[in-house]
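Whatever this is, show me its structure:
(one chain, ligands or ions: 1)
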Amino acid sequence: MEPELEHVDCDLCGKDDSRPVFEGVTDSELGVPGAFDIVACNGCGLIYLNPRVPPADVHRYYPPGSYGPYQRENPLILALKHWFWRRDKRSIEALIGSSGAILEVGCARGDFLNSLSNGYALYGLEPDATAAAIAAGRGRATVWQGSFEDFTFPPELRFDLVILAFVLEHLPSVRVAFEKLRRLGKAGSKLVITTANFDSWERKCFGRYWHCLDAPRHYCVLTEATFREYARMHGFSVLSVTYSRVPNDWIGGIGRFCRARDWDTLARFFNIRNRAVAAAFLPLSLLAGLCKRSSRFTFVLERDA
Ligand SMILES: [Zn+2]
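Got it, this is the predicted structure:
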């Protein structure tokens, strides 16, 4: 039986005054049942799922073994990721130097943590038990299993850097998450947060089939303006915002559009692992990134005193 949905007020400004953006969105990615509404707050512009699946029930919408981040990467994709991570690693060194405590929230199988150099004290938190066990077994990082909203971190720990890549949109409250992130840091500590950008060409092109909408697993989708407001409210300064240049969400959008129409052969063709398709969409995704209109952005924040 499907869980009863819950009505929520806007997480950013607290108002209960919204307009529909997409109604009756179904899950053409993993095929879970239900139809969901996405709304925009008339007070602050936050885009969010309302009504939503209660956080205690949302695990039902991640069918076991089907959610991409927990699956073993094929070697070519992993090699590409390592190539991208070289730049991320240089950025981390520029941010906190070559030592310090780093926490990755949502570390999945620990691939990124394991790519970091030995000078850091590494910590990971991962809600999926299997992925957490794999990450812990690799031995480089202290890995806990749990959800960010419920997990109690050792009180003596303060992190120099906390990384959240595609995590924020899954959390029941971004506001509560920012409150917790503030407590986990200290004056001058950094946050690197990658999440989906609603003000993107991909969203405008694909609408309800936009890959990053991902209802009902994503509770909210931010824009640069709403992200900046969360940061300001919680005493973080924005050091930089960068827009991704990867073609994933162009291809993902076509895949979802095709699956919703049962065009399964086409859907299989439009797959990020199809190198020819990825190459074909690269010019467009590079342009979207350069114009700051791609569907994923990364904020680097510094905690104020
Ligand atoms: Zn609002």
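
The ion contacts on the stretch 51-200 of the chain?
Nowhere does the stretch 51-200 of the chain come near the ion, counting by C-beta under 5 Å from the ion. For every residue, glycine as well, the C-beta is placed using N, CA and C.

in the stretch 51-200 of the chain, which spans are strands?
100-105, 120-126, 142-145, 161-165, 190-196 (DSSP state E, counting those that start in this stretch).

ok, residues contacting stretch 35-44?
Stretch 35-44 has contacts (C-beta atoms under 8 Å, 6 or more residues apart in numbering) with 5, 10, 12-13, 15, 17-26, 46-52, 208, 213, 215-216, 221, 226, 229.

what is the mean pLDDT for it?
Mean per-residue pLDDT for stretch 35-44: 97.

picking up where we left off before, with mean neighbour count as extra columns, can I get the strands of the stretch 51-200 of the chain in CSV?
CSV is the format used below for the strands of the stretch 51-200 of the chain (neighbours: other C-beta atoms under 10 Å):
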stretch, mean neighbour count
strand 100-105, 22
strand 120-126, 22
strand 142-145, 19
strand 161-165, 22
strand 190-196, 23
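
Just send the ones you listed back as TSV, with mean pLDDT too.
As requested, the strands of the stretch 51-200 of the chain are exported to TSV (pLDDT from 0 to 100):
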stretch	mean pLDDT
strand 100-105	97
strand 120-126	96
strand 142-145	97
strand 161-165	97
strand 190-196	97
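
Could you dump those into TSV with distance to Pro172 added?
TSV is the format used below for the strands of the stretch 51-200 of the chain (distance: least, C-beta to C-beta, whole Å):
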stretch	distance to Pro172
strand 100-105	14
strand 120-126	16
strand 142-145	18
strand 161-165	14
strand 190-196	15
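
Which of these sits closest to Ala56?
strand 142-145 (17.1 Å; C-beta to C-beta).

Return the list of strands paired to that closest one, each annotated with direction.
strand 120-126 (parallel) (DSSP bridges).

give me the number of residues near the residue of the stretch 101-250 of the chain at minimum distance from the ion?
Going by C-beta to the ion, the ion is nearest to Thr226 of the stretch 101-250 of the chain, at 8.3 Å. Using other C-beta atoms under 10 Å, Thr226 is surrounded by 24 other residues.

Now the buried members of the contacts of stretch 35-44.
Buried residues within the contacts of stretch 35-44, counting neighbours by 16 or more other C-beta atoms under 10 Å: 5, 10, 12-13, 18, 21-22, 25-26, 46-50, 52, 208, 213, 215-216, 221, 226, 229.

now what about the longest helix along the chain, what contacts it?
The longest helix of the chain (DSSP state H) is helix 75-96. Applying C-beta under 8 Å, 6+ apart, the contact partners of helix 75-96 are 73, 102, 111-112, 115-117, 160-161, 190, 192, 272-273, 300.

Now do it against strand 161-165, angle only.
Computed by axes from the mean of the first three to the mean of the last three C-alpha atoms, to 10 degrees, the angle separating helix 75-96 from strand 161-165 equals 150 degrees.

what about helix 75-96, distance to the chain center?
17 Å (C-alpha atoms, centre = their mean, to the nearest Å).

before we move on, what about stretch 260-269?
25 Å.

residues of that stretch that come out buried?
Neighbour-count burial for stretch 260-269 flags Ala267 (criterion: 16+ other C-beta under 10 Å).

Filter the contacts of stretch 35-44 down to just the ones in helices.
Within the contacts of stretch 35-44, residues falling in helices by DSSP H are Thr226, Glu229.

and the contacts of stretch 35-44, which of them are in strands?
If you go by DSSP state E, those have Ser18, Arg19, Pro20, Val21, Phe22, Glu23, Gly24, Val25, Ile47, Tyr48, Leu49, Val221 in strands.

Show me what the closest residue in space to the fourth one that isn't next to it in sequence bridges to in the sheet.
Nearest in space to Val21, with sequence neighbours left out and distances taken as C-beta to C-beta, 6 or more residues apart in numbering, is Ile38 at 4.6 Å. As for beta bridges, Ile38 partners with Phe22, Leu49 under DSSP bridges.
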